[in-house]
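# I would like the atomic coordinates for the input below:
(2 chains)
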Amino acid sequence: DVVLTQTPSILSATIGQSVSISCRSSQSLLDSDGNTYLYWFLQRPGQSPQRLIYLVSNLGSGVPNRFSGSGSGTDFTLKISGVEAEDLGVYYCMQATHAPRTFGGGTKLELK
Amino acid sequence: QIQLVQSGPELKKPGESVKISCKASGYTFTNYGMYWVKQAPGQGLQYMGWINTETGKPTYADDFKGRFVFFLETSASTAYLQINNLKNEDMATYFCARSWGFDYWGQGVMVTVSS
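Numbering: from 1, shown residues only, chains lettered A, B, ... in the order given. Next comes the predicted model:
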């Protein structure tokens, strides 16, 4: 199975600070159809996950544009340009290029 | 609006079975696959598999072959997860999620297994 390694595991930030989360894959996530099936989710405390980013860099419906995704092949990044209080929670990357789908271990974003 | 509403929390004994529902609304049920995700207490997300809502064909991740069953009641736009012969390690919250892109999620069902 594809292993997704997220760093850091815990991220402390102040409101307004810009932060980045890395997701590295054990295999290239570029599919033979030309797409890269890498997604980012946020799980706020006590809630179900919410999709933020799909296909590496596409913003999900209703997701604020302070979130952005980038990367290719095996290295991917989620950036938050100006953390807000509602952004606190655990972030997960997920790949759907290779079966079975796998998730990263998560990055907890907390207030400094 | 699009919603996935799951059934309520469950308390079961080891060896029993549990059936969890995921009722979809706001879209054509058979146009999107339904996926299942497990989250053990304090842990991350684990992919369980999915069911083709058009054909009813389930596909299970390796860790979920045998005791886990995905099935549908298409007339009610509802997907089900049944877990047979419950074990302590099945204690978790189970989420349904719509489509290849996991664009909508249910609220999750907490299953407690305790003798």
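
# Can you name the residues of chain A sitting close to chain B?
When proximity is defined as Cβ under 8 Å from any Cβ of the partner chain, chain A approaches chain B at A:39, A:41, A:43, A:48-51, A:54, A:60-61, A:90, A:92, A:94, A:96, A:100-106. Just so you know, the C-beta spots here come from the backbone N, C-alpha and C atoms, and that holds for glycine as well.

# Filter those down to just the ones in strands.
Cross-referencing the residues of chain A next to chain B against strands under DSSP state E gives A:39, A:41, A:43, A:50-51, A:54, A:90, A:92, A:94, A:102-103.

# Regarding stretch B:62-70, how distant is the last residue from the first?
Distance between the two ends of stretch B:62-70: 14 Å, counting by Cα to Cα, to the nearest Å.

# Just the buried positions in that stretch, please.
B:64, B:68-70 (16 or more other Cβ atoms under 10 Å in any protein chain shown).

# does chain A sit close to it?
Yes: Stretch B:62-70 lies within reach of chain A by Cβ under 8 Å from any Cβ, at B:Asp62.

# Just the mean pLDDT for that stretch, thanks.
For stretch B:62-70, mean pLDDT is 97.

# what stretches of chain B score poorly on pLDDT?
Under the criterion pLDDT under 70, no range of chain B is flagged.

# what do you get if the cut-off is 90, keeping everything else the same?
Applying pLDDT under 90 to chain B picks out residues B:100.

# Quick one: name the residues of it near chain A.
Counting by Cβ under 8 Å from any Cβ, chain B sits next to chain A at B:37, B:44-47, B:49, B:61-62, B:95, B:97, B:100-103, B:105-108.

# can we see that at 6 Å?
B:44-45, B:47, B:61, B:95, B:101-103, B:105, B:107-108 (Cβ under 6 Å from any Cβ of the partner chain).

# between the ones in strands among the residues of chain A next to chain B, which is closest to A:Ser22?
The shortest approach to A:Ser22 among these belongs to A:Tyr92, at 12.8 Å (Cβ to Cβ).

# my read: the closest one touches A:Phe41, true?
Yes: assessed by Cβ atoms under 6 Å, A:Tyr92 is found in contact with A:Phe41 at 4.8 Å.
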